Each structure stands twice: as structure tokens, then as C-alpha cells.
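Undergrad: Sequence and predicted model, in that order:
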Amino acid sequence: MLENEILSQLNEEQQKAVVTTEGPLLILAGAGSGKTRVLVHRIAYLIDVIGVSPAQILAITFTNKAADEMRSRVDKIIGFGASQIRVSTFHSFCVRILRRYGDLLGYTRSFSIYDTDDQLRLMKKIFKEKQADPRTMREKAVLARISHAKDELVPPEKYAVLNPDYYGQKVAEMYKSYQKQLKENNAMDFDDLITKAVELFEQHPDVLAEVQDRYRYLMVDEYQDTNSAQFRFVSLIAGKYRNLCVVGDDDQSIYKFRGANIRNILGFEKVFPDAVVVKLERNYRSTKNILSAANEVISHNHGRKRKKLWTENPDGVKVRLRRFANGFEEAEFVCGEIAEEVRCGKRSLGDFAILYRTNAQSRLFEEKMLMASLPYRIVGGINFYARKEIKDVLAYLKTIDNAEDDLSVLRVINVPKRGIGDSTISKVSDYAASGGISFFAAVQEAQRIPGLSKGTLSKLSAFAKLMSDLSVQAEQGKISALVKAVMKESGYRDALEAEETEEATARMENLDELVSKAVQYEQKAAGEASLSGFLEEVSLIADIDNLPENEERVLLMTLHSAKGLEFPVVYMTGMEDGLFPGSMSINAENPQEEIEEERRLCYVGMTRAKELLTLTCAKERMLRGEVAASPVSRFVREIPRECIDLEGGTSPGRRPLPAAGGRDRALRDAISGGRGEEETLSFGKQFDPEKDVRYSRKSSYVNPYKKTVPPAADAAAGAPEYRVGDTVRHVKFGEGTVREITPRGNDFFVTVDFTAWGTKKMIASMARLQKV
DNA sequence: CGTAGTTTTGTTTTT
DNA sequence: CAAAACTACG
């Protein structure tokens, strides 16, 4: 590509960012300002104009999705050698280095990667050993402290010095033991991946020099999310050639809880005084109305880089605010509106995103989507790889790959049940500890362990044989074959089959999916495929990474997951003080700081919307089992009145309530911090037997266990095969009698009387009713 | 040793 | 309201 070809598609600031190839560069890229475009074009410019070899370019992102997207966009504009460019996440890039040089730090090539679950199990073990009372000190809290220490590159000894108080000393002790055991298990946790890579560079200058010479041009995306360790890591690599380009937006820093250090971006120019700073403030994504509302909200934060986004886009529709009696009605409104817009052909399902603060909120929406037969996809929640059955099988694989990983061995030794119980395990454990060998090694020489009965002994040796047989398979066959063998030989699959429950069936389907993931991995990695590689991929995958592009489904996800994405229509739900901003941040010791982080999250959410942004909230909400009254979020109140549309009566929503004036007045009061007057103003119905029943009844939504999504409705909607008076069956509601069929566009409305659920009006093509 | 039933406990957000 | 931890029993 020629120089002017590359530059002609960019605005002035973007061009400056692209042509500044040497030395430190800070790109402050506002939401929707075309930052990925700049990075991609900058790579093209480096290669085609400056003549840099693709192999010398390293681009680091936080998610695999972002890495994949960058890679494919680079592929499109660079003819040749694009595959040589290293585009990777922090974590996988570090793993790559550690697999290669980890022996210098005392790890083998096949070290295990521990996720939060594994960490917790290890910490529980340590609590037992130290005889710490989990009531006075919580495992999770200790782990959080350790994680933060690692984010700041503070090792156990230094932690002890820095925290002389009693609690700090205790944590330091645990931290030390935790690191020791990780090492003994030949394992690293997520944070270690970064800190150990830094350690490697610092202790082995020759390795660092090699990496420095290999990657002469560095780019870091989402720079505002880096923690101190990651900053150190990047600075070390860029230390020699100093070609470090970082892209970020301090207003979108939302990962403080995971160690993100906002000083990295605010102080970049202090660390690199010769840094060139480019600001991208032109937004190409949202309408003026959406942008000015978002700008207004974020302007309530202090200590940010001065920046104001602008756009040439049309004014668009005002940001809408809707308040409901409770979460059910909120979900009903959102889903109803989406169904209506899709039905009349104005929008397609893929245009919509429903965002919320906490994963728990997804359930209400999920239920309503299911009822409306709207195809949807949920991002996040329980990660596929975090499911019990998957983790069990993975623990087998980890044991095969890394027999020193006691934690994994302990996880599987009695799963499925083999009659190896606690007392046996602790005897073997003691023996291993006294001999300084791994748990699995102790199992292998169980005959030397005193106090084990003959029966127990044979159970242990059967397990040892199983694992060694599987190890042989691992040497020879393909990964997918090994995964299958593990499920079969271990008896895991048979045990599930024997259960004959619906849940067990769902689990088996998940196991099948794991096998196909293994096949996918084999295809992707081709000759490079290895068991360690597969396990690594599995550990470092985020739910968002698997999101199919352009899928015709409504997307449901947390505000955090939505970062980096955009949608024509966005619903930000649960806009209530106590939920968003969360009570945790309101009641924190430094509420100011925490609420500013929540506000940034709000800003991130708002700037996801291209055309229409709707904020919704409920007056009361079920939270941790209790109903709580919820005032409208302070963030909503920060939006100037003229940017907001409060009335709802004329909207396509099918809600006839409330009486004129009621809602508007109530809403206005609520926004301006009304003194509860709105509680007496009737908002909607006071009592609805059907709703009340639903409120208390245990959710009849079956099987959220498996990631089930209703299949997309057939596009062509012919006349239904049923008539008024027929009995039909619905996936959720069961059987009912058809009362009415009315044509709408090239589709139909069907009203059905369900015995168990009452009368429902739905869209024929989506309800997929079966004539009985 | 294993299981079923009961009590306790905990609450963002995620690589 | 959930999941996890604990307890008592077969």
C-alpha cells in the first residue's frame, strides 16, 4: 500500500498518530474515534512506508477478540507477511515467553495455569495448614491482596515489610506459602504470568536483549487498563529501541479492581518526557444526542485528561429514560420493544444490546426473551471452561501434562467415585510431604505408605495405572483422541450416563463440546499442537472471545464486557443507585474514587450506542433475596434535562399505563431526587395477581445450565398451520388454545390461551407453535 | 466412605 | 436467592 493510500482514509490527528513511528507515542483515543483503524494503518505504514519487517512488530491487546480483530484487519490491508506480525494478548504473549525460557526460573515447559477456582482451592489448603480461621480471614480477601501485590510487582518479603500490621503479616505469610506451593506444583496463576515474565527479563538480561531485538516496534491497546506489572513488562521490552506506542482513554479505565493503574496513562509523559501525544476526539460512532449526554456524565469526574468528543453525525433521537415498578416490568418493556421493532421490520435482532452492571441481572431478561421467543446470546456469567465437568476433565489433562500439579490430581483422584476418600488422601498427602515428593509420585509408590489397607492400595494403584495409560496415549495420539480417552477410560462419561438426569445429559453435551474445541484447536495450531498449548488456550480464553460476528441475536452482557463493542440500539438497564453505582462503591472508604470508576463504566456503556440509547430502571428490585427500593442512578441525574426524553406513552411499547401525568411527574421527581412523593403517585398497577404469582414462584425457567439459545426464527413466515380453536404447543408455555390470529405485515399475531400461563399474544414466526 | 438434608454465608466487574 | 459448607446418618 502506498503512503497516500494509507493516509487518505484518515483525519489529521489520525494521520499524525500513524506517521509518528519512532519514539514514545501516546494516543488518547476517545470512544468511537477510530483507534483500531489507526493502529492497523500504523502497522501498514511501518511495513510499507518505513520498511519495517513484520516480524519486528508486536501489538498487545487485552482480549483475544481484540487481537483477532486487529489481525484480520491488518491481513486485509497488508498484502504480504501479515502473519509474521505478533498480535497477542498480554497473557498469551507472556506464556509464550515463559514456556520458552521458564526453565531459567525453575519451571518446566508444561507448567499449569491456575484460574481463580484453582487459586481458591490452593488457598483453602494453605488456610488449613496454617490453621487459619476462615471466619476471621477470608481466603478470597487474602487472594485479592496477593493479586494486588503482584499487580504492583511486590513479592512476599517486600509485602511483609510494607504491611507491618498483624493482618498484613498474616497475609505475607500466606502469600509466601502460596508462591512456594505454586512453584512446587509447577504452576502459575494469572498474575504470575506477567510478574514471572518481568522477573525473567530482570534476572536474565540476555533473554531480555533477545526479545528487545526481536520486537522493535511495540503497540499497546487499551493502555488505560494496564497495571504496574504490565507497564513494567512493556517498558522493559521497549527499553532499547523506545518505539512504544500506547493507545488508551483514561475515561474508559474500568479495571481498577484488577489492578489497572490509571497513573500509567495520566503519567505517561512523565515517564517518557519526549513522548508525542495525539488526541483523537472526533467520534464516528454515535449521534450528537448520545454523545453530549455521555460527555456530560463523564465531565463530573475530576483528574482526567482534558478531552471533549465531538461528532459530525446527526442529532438523532434523545436518550430515553424509563422507570418501572420492578425488574420484571423493566425486562418486559425492553424485550417487548425489541420484539416489536423486529416484528415490524424496522430493526434486526443483531442491532440490539442489553447491558447491565452485574451478571445476576441477566436472568430476568433471559426469561423474558425466552417467553417472547426472541433469539439471544448471553456473554459472560459462568465461563464454559469453568463448568464442573469441564474442569474435571481438564484436571485430568493437567495431571497428564504436569504430574507435579497436586491440585489437579486431588481434584480427579476420586472423580468419578473410586472409593478413595479423605482419610486415604490425607495419608498419601502426609507421605508426600514428608518425602518431599509430589502427591502423584506418592500414589505411585503407595505400597510404601504405612496404614493403608489392601483394598485402598489396589484402588490407588488402579488410579496410577489409569493415569500412566493415558499418558502413553498423550504421547502418541491427537489431543482430541486423548480428551475422548480421558472421558471414557476414567469412567467419567459412564458415571454421567448412569445418572440419567437432565442435568447429566446437559453435562455430557458440554463434554462433547470440549472434544470439538480440541478438534478446533488441532486445526488451528496445525503442527504446533500440544497438550500444554491446548490447556493454555482453554485457560486464557474469555467468554467474549467466542462471540460470533454479525449473528442475528440480541446480545446480553455486562457493561464491562461491552467495552470495545458498538450497537445501533443499546439498553442500559438497572440504572439505580445501589446497583449502578453499586452499593459497594457508595459505601467504600474512598467513595469519590470508586464512584468515579463506576461513572467511567457508565460512560463506556453510553458510548456503545450508535443511534438509540435507552436507560431503564426499576423502583424496587430483588437483591440478594430481598426487595430494595431503588432511587434513580445519580449518573442519570447528571444528564441535562434537555438531552433526555422522559415520556413513554407514545413509544412503540404496548404499555397503556399509567394515567396521564403520573409517570412523567414521578420520573421527574425521581431524577431531581424527589422525596418519595412518587411512591404515592400511582405508577402502573398496584396489584396484578399474575405478576405477584410470578414474583414468588420459583423460576420455572429450566436449564440455564447449558448455554441454550432458541434457534433463530425462520425468516419467511407463511400462514400458520393452525387455526383459531386449535390446540398448540409452545416451547415454554406448553399447550394452549388459539384464540385469535391477526395478520401483521407479512407475519401474524397469534393470541393463545395457555392453561398454565394465561393468555399470551405473540408473533407467529417467532413463537414457533406446533399444532397438536 | 458416601449421601442427603440442613445451615450458613455471601454479593460487582474479568485476563 | 443462590451456592457452599457442614452434619448426621446409612
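TA: Thanks, I have the structure now. What you see is a predicted model, and the numbers here were worked out from it, not measured in a lab. Residues are numbered from 1 along each chain as shown, chains lettered A, B, ... in the order given.
Undergrad: Do stretch A:504-519 and DNA strand C come into contact?
TA: No: counting by C-beta under 7 Å from any atom of the strand, DNA strand C has no neighbours in stretch A:504-519; the shortest distance is 13.3 Å. The C-beta positions use only the backbone N, C-alpha and C, and glycine is treated the same way.
Undergrad: buried ones in that stretch?
TA: A:Ala506, A:Arg507, A:Met508, A:Asn510, A:Leu511, A:Leu514, A:Val515, A:Lys517, A:Ala518 (16 or more other C-beta atoms under 10 Å).
Undergrad: One more: stretch A:384-401?
TA: A:384-385, A:387, A:389-401.
Undergrad: same check, this time on stretch A:209-218
TA: Of all the residues in stretch A:209-218, those buried under the rule 16+ other C-beta under 10 Å are A:Val211, A:Gln212, A:Tyr215, A:Arg216, A:Tyr217, A:Leu218.
Undergrad: likewise stretch A:452-468?
TA: Under the neighbour-count criterion of 16+ other C-beta under 10 Å, stretch A:452-468 has A:Leu452, A:Thr456, A:Lys459, A:Leu460, A:Phe463, A:Ala464, A:Leu466, A:Met467 buried.
Undergrad: what would the residues you listed look like in CSV with distance to A:Phe567, secondary structure and pLDDT?
TA: Below are the buried residues of stretch A:452-468 laid out as CSV (distance: C-beta to C-beta, whole Å; DSSP: H, G, I helix; E, B strand; the rest coil; pLDDT from 0 to 100):
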residue, distance to A:Phe567, secondary structure, pLDDT
A:Leu452, 61, coil, 84
A:Thr456, 58, helix, 86
A:Lys459, 55, helix, 89
A:Leu460, 55, helix, 91
A:Phe463, 50, helix, 93
A:Ala464, 53, helix, 93
A:Leu466, 49, helix, 94
A:Met467, 48, helix, 95
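Undergrad: Please list which of these are also close to DNA strand B.
TA: Within the buried residues of stretch A:452-468, those near DNA strand B by C-beta under 7 Å from any atom of the strand are A:Thr456.
Undergrad: in what helix or strand does A:Lys128 lie?
TA: helix A:116-129 (DSSP states H and E).
Undergrad: does DNA strand B sit close to that helix?
TA: Yes: interface with DNA strand B: helix A:116-129 contributes A:Thr116 (C-beta under 7 Å from any atom of the strand).
Undergrad: pLDDT of that helix, averaged?
TA: Model confidence over helix A:116-129, given as mean pLDDT, is 88.
Undergrad: Over to stretch A:574-592?
TA: 89.
Undergrad: So which residues make contact with it?
TA: For stretch A:574-592, contacts defined as C-beta atoms under 8 Å, 6 or more residues apart in numbering pick out A:321, A:327, A:330, A:356-358, A:361, A:559, A:594-595, A:597-599, A:601-602, A:615-618, A:621, A:623, A:628, A:630-636.
Undergrad: Buried ones among those residues?
TA: Neighbour counting by 16+ other C-beta under 10 Å classes A:321, A:327, A:330, A:356-357, A:361, A:559, A:594-595, A:597-599, A:601-602, A:615-618, A:621, A:623, A:630-636 among the contacts of stretch A:574-592 as buried.
Undergrad: quick one: which of those sit in helices?
TA: Counting by DSSP state H, the buried ones among the contacts of stretch A:574-592 place A:327, A:330, A:559, A:594-595, A:597-599, A:601-602, A:634-636 in helices.
Undergrad: Quick one: name the residues of the stretch 101-250 of chain A near DNA strand C.
TA: The stretch 101-250 of chain A comes close to DNA strand C at residues A:Lys124, A:Pro134, as judged by C-beta under 7 Å from any atom of the strand.
Undergrad: what do you get if the cut-off is 10 Å, keeping everything else the same?
TA: Neighbours of DNA strand C within the stretch 101-250 of chain A, by C-beta under 10 Å from any atom of the strand: A:Asp117, A:Leu120, A:Arg121, A:Lys124, A:Asp133, A:Pro134, A:Arg135, A:Glu139, A:Lys140.
Undergrad: In the stretch 501-650 of chain A, what residue comes closest to DNA strand C?
TA: A:Gly625 (3.0 Å; C-beta to the nearest atom of the strand).
Undergrad: try the stretch 251-400 of chain A
TA: For the stretch 251-400 of chain A and DNA strand C, the shortest gap (C-beta to the nearest atom of the strand) falls at A:Arg363, measuring 7.0 Å.
Undergrad: How is A:Asn414 assigned, secondary-structure-wise?
TA: coil (DSSP: H, G, I helix; E, B strand; the rest coil).
Undergrad: tally of neighbours for it?
TA: Residues lying near A:Asn414 (other C-beta atoms under 10 Å) number 16.
Undergrad: my guess is it meets A:Val428, correct?
TA: No: in this structure A:Asn414 lies outside contact range of A:Val428 using C-beta atoms under 8 Å: 11.6 Å.
Undergrad: A:Val277 is in contact with A:Pro24, correct?
TA: No: the pair A:Pro24 / A:Val277 is not scored as a contact, 9.5 Å apart, by C-beta under 8 Å.
Undergrad: which one of those two has more residues nearby?
TA: Taking neighbours as other C-beta under 10 Å, A:Pro24 and A:Val277 compare with A:Pro24 leading, 22 against 16.
Undergrad: Quick one: the helices in the stretch 301-450 of chain A, in order.
TA: A:327-343, A:362-371, A:388-401, A:406-412, A:422-435, A:439-444 (DSSP state H, counting those that start in this stretch).
Undergrad: could these go into JSON lines alongside mean pLDDT?
TA: What follows is these, written out as JSON lines (pLDDT from 0 to 100):
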{"stretch": "helix A:327-343", "mean pLDDT": "93"}
{"stretch": "helix A:362-371", "mean pLDDT": "89"}
{"stretch": "helix A:388-401", "mean pLDDT": "92"}
{"stretch": "helix A:406-412", "mean pLDDT": "91"}
{"stretch": "helix A:422-435", "mean pLDDT": "88"}
{"stretch": "helix A:439-444", "mean pLDDT": "93"}
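Undergrad: With distance to A:Thr63 as extra columns, can I get those in JSON lines?
TA: JSON lines is the format used below for the helices of the stretch 301-450 of chain A (distance: least, C-beta to C-beta, whole Å):
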{"stretch": "helix A:327-343", "distance to A:Thr63": "26"}
{"stretch": "helix A:362-371", "distance to A:Thr63": "20"}
{"stretch": "helix A:388-401", "distance to A:Thr63": "20"}
{"stretch": "helix A:406-412", "distance to A:Thr63": "26"}
{"stretch": "helix A:422-435", "distance to A:Thr63": "38"}
{"stretch": "helix A:439-444", "distance to A:Thr63": "34"}
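Undergrad: right, and the ones you listed - which one's nearest DNA strand B?
TA: Taking C-beta to the nearest atom of the strand, helix A:422-435 is the member of these nearest to DNA strand B, at 3.3 Å.
Undergrad: For the closest one, buried residues please.
TA: Quick answer for helix A:422-435 (16+ other C-beta under 10 Å): A:Thr424, A:Ile425, A:Lys427, A:Val428, A:Tyr431, A:Ala432.
Undergrad: For A:Ser235, state which of those is nearest.
TA: Closest to A:Ser235 out of these is A:Ala432 (41.3 Å), distances taken as C-beta to C-beta.
Undergrad: what packs against the helix holding A:Lys128?
TA: helix A:139-151, helix A:166-184, strand A:187-189, helix A:406-412 (3 or more C-beta pairs under 8 Å, 6 or more residues apart in numbering; DSSP states H and E).
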